[in-house]
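Trainee: Below are the sequence and a predicted model for it; my questions follow.
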Amino acid sequence: MILDLVVAGRDTRLTHRLTVGSDSCTLLLGVHDGVHEEVQEAPNLVPAALVRLTRLRPRKHAQAPSPLPMDGDLVAALLGTDVDVRREVLATLGADFAWQISGDGVLLTAIDGPLGVHLLAAGAFEPATNTEVYRRFLTYVSVAGSTPSTSSAPAPSRAAVATSEPDGSVHQ
Amino acid sequence: MSSELTAPDGWEVVTEPAVGTRLVAAEPEHGGFRANLVVTSVACGGLSFSEWQAGTDVVLGRTLDRYLVIDLERVAVAGHPGGRRLAHHVGPTGEALTMEQWFTAVDDVGHTLTATVPTSRYLDLSDTMGRAAASWRPS
């Protein structure tokens, strides 16, 4: 199973690719523009990796969470490479950053920030708890058919910094 | 003093196994990491609820391998103000573990119920753990 993750904030936009197999997982982690680092990880640690990469963490909400209407056409802008447009959409939503996980039948789009994490559903970002998001992440490992081992999980290892986008395009 | 909790059917239960540990319940042996519930009670020493929990998070971060707190919220525990924490850490043989913890302070004693399960089984076991937590009456 291949999962692509885009994490887009006001200043930084990173892309990551997770290739999850039954016995191994390769994380191609965006470090900065066009530069990726390859990390080998045990499949059962993929949910934790997603927690880290999506910066899912407890936040003190500035106000009670509520749905945030979202024009579907703006999702691409929210996650896109145009910094000015992205900042404008994030500011409109009161969010610090957005992320999207896609691939193999998975599509999950979220914003996060002072209002807490919200998941895109039916034209609006609906408030969600971090636990709900974590449970979604766990289903992706199940979908990948992973049967985590209790005794043979490999220690993470890192390879040299890669210089290609997950889509195969090469950056100098 | 007693700390009442209804453990899942068939689980091994040990009460007062160590100072401060009121109860340990573990699922039957199956050759892998055994999901478990642990109830502890410690004196808060005059710390506020927030101070106690801030200190708890520091300790967890220092003692658990690759500790990662995911969720932290205020919830009532058996009618007392309390909280719930969800976290990830790595077990002694490299397995991913998910820890769900409920806590409250009553009369300057901090009571904590910690459920630890292999992450791969969290979706299957979270309801079981939740029922045990709902049955918990710290005192």
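Mentor: On my side now, so go ahead.

Trainee: In the sheet, which residues pair with residue B:100? Tell me.
Mentor: With DSSP bridges applied, the residues forming beta bridges to residue B:100 are residue B:86, residue B:115.

Trainee: Give me the most central residue, chain B.
Mentor: In chain B, the residue lying closest to the centroid (CA atoms, centre = their mean) is residue B:114, at 0.8 Å.

Trainee: And the helices in chain A?
Mentor: Along chain A, the segments classed as helices by DSSP state H run A:46-53, A:73-79, A:83-93, A:130-143.

Trainee: Okay, buried residues for the longest one please.
Mentor: For helix A:130-143, a neighbour-count test (16 or more other CB atoms under 10 Å in any protein chain shown) marks A:130, A:131, A:133, A:134, A:135, A:136, A:137, A:138, A:140, A:141 as buried. Using the backbone N, CA and C atoms, a C-beta is placed for each residue, glycine as well.

Trainee: so can I have JSON lines of those showing distance to chain B?
Mentor: As requested, those are arranged in JSON lines below (distance: CB to the nearest CB, whole Å):
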{"residue": "A:130", "distance to chain B": "4"}
{"residue": "A:131", "distance to chain B": "5"}
{"residue": "A:133", "distance to chain B": "8"}
{"residue": "A:134", "distance to chain B": "5"}
{"residue": "A:135", "distance to chain B": "6"}
{"residue": "A:136", "distance to chain B": "10"}
{"residue": "A:137", "distance to chain B": "10"}
{"residue": "A:138", "distance to chain B": "5"}
{"residue": "A:140", "distance to chain B": "11"}
{"residue": "A:141", "distance to chain B": "7"}
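
Trainee: picking up where we left off before, okay, the residue nearest to the centre of chain B and residue B:26: tell me how far apart.
Mentor: 12 Å (CB to CB, to the nearest Å).

Trainee: Identify the contacts common to the two.
Mentor: The overlap between the contact sets of residue B:114 and residue B:26 (CB atoms under 8 Å, 6 or more residues apart in numbering or on different chains) consists of residue B:37.

Trainee: on that earlier part again, OK, contacts around the residue nearest to the centre of chain B?
Mentor: By CB under 8 Å, 6+ apart, the contact list for residue B:114 reads B:37, B:38, B:39, B:40, B:99, B:100, B:101.

Trainee: Find the helix or strand that the first one is a member of.
Mentor: Okay, so that is residue B:37. According to DSSP states H and E, residue B:37 maps onto strand B:36-43.

Trainee: Pull the residues that contact that strand.
Mentor: B:1, B:3, B:5, B:7, B:11, B:20-27, B:108-116, B:129, B:132, B:136, B:138.

Trainee: hang on, the earlier thing: redo the helices of chain A as TSV? Include mean pLDDT.
Mentor: Formatted as TSV, the helices of chain A follow (pLDDT from 0 to 100):
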stretch	mean pLDDT
helix A:46-53	96
helix A:73-79	91
helix A:83-93	95
helix A:130-143	90
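
Trainee: Residue B:83: which of those is closest?
Mentor: Proximity to residue B:83, assessed across the helices of chain A by CB to CB, is greatest for helix A:130-143 (13.0 Å).

Trainee: Would you mind pulling the contact partners of the closest one?
Mentor: By CB under 8 Å, 6+ apart, the list of residues contacting helix A:130-143 reads A:1, A:3, A:20, A:43-44, A:46-47, A:50-51, A:54, A:56-58, A:101, A:104-106, A:108, A:110, A:117, A:119, A:148, B:70-71, B:86, B:119-120, B:122-123, B:126.

Trainee: can you give me the mean pLDDT across stretch A:31-43?
Mentor: Along stretch A:31-43, the predicted local confidence has a mean pLDDT of 90.
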